[in-house]
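Trainee: just a sequence and a predicted model for now, questions to come.
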Amino acid sequence: MTTANSKKLHIDIVSDVVCPWCVIGYRQLAKALEVSGTDYELHWHPFELNPDMPPEGQNLREHLTEKYGASKEQSQENRLRITEAGANVGFDFRFADDMRMHNTFNVHQLLHWADPQARMHDLKQALFVAHFTHRRNLSDNNVLADVAAEIGLERAEALAILEDQRFASEVRTAEKAWLSKGISGVPAVIFNHRHLVTGAQGLENYARILEQLAASED
């Protein structure tokens with residue numbers, strides 16, 4: 001319960017919706033926040049895993065081989081590990097051989113648009129599911145507008161802001177700002193503007209971090 005004298009924990013999460021560890025890490029953190037009863041406010045921020053990805057995207061396995069040198073066996077092993085980690089936090093990863101990696105610049109513009117409507121968080125979660133569970137094409141503006149409409153946002157307006165690139169400058173500025181702060185990988189979680197934690201830490205580690213933060217505020 002929040003008391004009059006309590007102070008909310010400020011949480012910034014820099015992430016991309018095509019990053020599997022971003023949704024896993026968020027769900028681990030969310031559970032730790034729930035268990036600890038921590039009062040918090042959360043803010044999502046843009047990061048593109050593949051800013052040079054062409055509009056048509058790329059086969060995911062080919063992409064991982066090209067970017068990280070992963071063999072087919074390593075890729076399959078990684079998929080199994082991610083799927084298991086997702087299941088542990090209630091997220092359904094459904095990898096397939098025809099799954100594609102997408103350019104997410106328009107995704108981040110859509111999230112930017114949803115923020116003043118207090119729907120960025122809901123849209124972020126819906127986009128994670130759209131990509132990893134239903135393997136929808138996030139390079140397609142119509143698909144993005146559909147996802148927005150499915151959570152109750154105005155589809156026509158969503159499509160319009162994507163087609164005219166209304167928030168391109170704002171998103172680029174935000175991305176550059178985080179890069180300038182040394183954020184080069186995601187998820188990157190920043191507590192109270194000063195404590196940086198990278199990667200999916202796991203429920204126990206997040207719980208320990210929250211405990212330490214609470215103690216430091218006393």
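Mentor: Thanks, I have it. Source: prediction; values computed, not measured. Residues are numbered from 1 along each chain as shown.
Trainee: same for the strand or helix carrying residue 212, what does it pack against?
Mentor: Under the criterion DSSP states H and E, the helix or strand holding residue 212 is helix 203-217. Applying 3 or more C-beta pairs under 8 Å, 6 or more residues apart in numbering; DSSP states H and E, one finds that helix 203-217 makes contact with helix 20-36, strand 195-198. (Each C-beta comes from the backbone N, C-alpha and C, glycine too.)
Trainee: can you list contacts of stretch 107-127?
Mentor: Applying C-beta atoms under 8 Å, 6 or more residues apart in numbering, the contact partners of stretch 107-127 are 16-17, 42, 44, 46, 48, 138, 144, 147-148, 150-153, 157-158, 161-162, 165-168, 170-171, 174-175.
Trainee: and the residues you listed, which of them are buried?
Mentor: 16-17, 42, 44, 46, 48, 138, 144, 147-148, 153, 158, 161-162, 167-168, 171, 174-175 (16 or more other C-beta atoms under 10 Å).
Trainee: contacting residues around residue 105?
Mentor: 48, 51, 168, 171.
Trainee: and the strands in the protein, which stretches?
Mentor: In the chain, the strands defined using DSSP state E lie at 9-15, 40-46, 58-59, 100-101, 188-191, 195-198.
Trainee: quick one: which of these is nearest residue 86?
Mentor: Smallest distance to residue 86 across those (C-beta to C-beta): 15.1 Å, for strand 9-15.
Trainee: if anything else comes up later, I'll come back, but that's it for now.
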